[in-house]
Every structure is written in C-alpha cells, then in structure tokens.
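Participant: Would you be able to build a 3D model of this:
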Amino acid sequence: MSERILWVDDDPDVLRAYQRIFGKQFALEVASSGAEGLAAIAQHGPYAVVVSDLHMPGMDGVQFLSAVRTVAPTSVRIMLTGSGKVATVVNAASTEHLFLLLTKPCPPETLTKALAAGIEEYRTITR
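Facilitator: Now for the predicted structure:
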C-alpha cells in the first residue's frame, strides 16, 4: 500500500508502539500533537488516513479532526479513544463525520483491518 497514514497521539510511547506494529505494513507517519499533525498535513499531505487520539493537550482529537476535515477533506478520519465519556465520543463521531470510532485498548488485528478499510475508502473517495 503506497497511501500514507498519519497517526496523532500525545504519548510518545504509544506512537513508538504503533510505528513498531504497523510500520512495516503501512506507510505510517506520526505526530505528537494536533498542531504537529496539521503541520505535517500542510507540508506532506494529503494522507489517506488520519488517526487521532481524543484526549490531547492544546487541541483535542475532535478539534484536530475537524481541522483535518477542512484542510484535507479527502483524508479518511479515524478516532481512537480510551475515553469513557460516551456522549462526547458519539457526538464527535457524528458531527465530524468520522469513518470509524475505535476504543482503547484495541487489538492490533482490529486496527490493521481499520487502517486497510480506511485506505480503501480513501481510494473510493479519490477515484
């Protein structure tokens, strides 16, 4: 798969784990904040899939994915969250037209399928 994925999470250990698990199968780039993610999109975008954590300092995942929707409307947006605030998460999924909403902990097999499905959706959108 040549399409690139941007993964945004404020935890460097989590980002290293995702790079280790998915870096050989997908063209995966990471960012440690919403601002860094938007800078990556401006410099290297668009990305086929953008995955974001919900809770991040400065700019949360909802704000970040909303901005992604504006600056890179063809990018498929996925939120991965450990939040127990169901109303917040469901509202984010519906108002930001997320492709998928996944909860932590999420097994690698589920994430692999989600990333592959996101890339297929991106291919459909950009055809």
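Participant: and the longest helix for this protein?
Facilitator: Using DSSP state H to assign secondary structure, the helix with the most residues in the chain is helix 108-126.
Participant: now what about that helix, what contacts it?
Facilitator: 1, 3, 5, 21-22, 25-26, 48-49, 51, 74-76, 78, 80, 99-100, 102 (CB atoms under 8 Å, 6 or more residues apart in numbering). Bear in mind the C-beta positions are built from the backbone N, C-alpha and C, glycine included.
Participant: Show me those that map onto strands.
Facilitator: 5, 49, 51, 76, 78, 80, 100, 102 (DSSP state E).
Participant: Show me the beta-bridge partners of the fourth one.
Facilitator: According to DSSP bridges, the residues that bridge with V76 are V49.
Participant: That one contacts F99, correct?
Facilitator: Yes: counting by CB atoms under 8 Å, V76 touches F99, with 4.6 Å between them.
Participant: how many neighbours does C106 have?
Facilitator: 13 (other CB atoms under 10 Å).
Participant: Nearest residue to it in space, please, no chain neighbours.
Facilitator: L80 (6.3 Å; CB to CB, 6 or more residues apart in numbering).
Participant: ok, and the most crowded of the ones in strands among the contacts of helix 108-126?
Facilitator: Going by other CB under 10 Å, V51 tops those with 29 neighbours.
Participant: For it, list the residues it contacts.
Facilitator: Applying CB under 8 Å, 6+ apart to V51 gives the contacts 5-8, 78-80, 115.
Participant: what pLDDT does the residue most central in space within the chain get?
Facilitator: When CA atoms, centre = their mean is applied to the chain, the residue found nearest the centroid is V51 (0.7 Å). We have a pLDDT of 97 for V51.
Participant: Offset the numbering so it begins at 521, please.
Facilitator: Renumbered: residue one is now 521, and that last one reads V571.
Participant: and the gap between it and R647?
Facilitator: 22 Å (CB to CB, to the nearest Å).
Participant: Alright, I will stop here.
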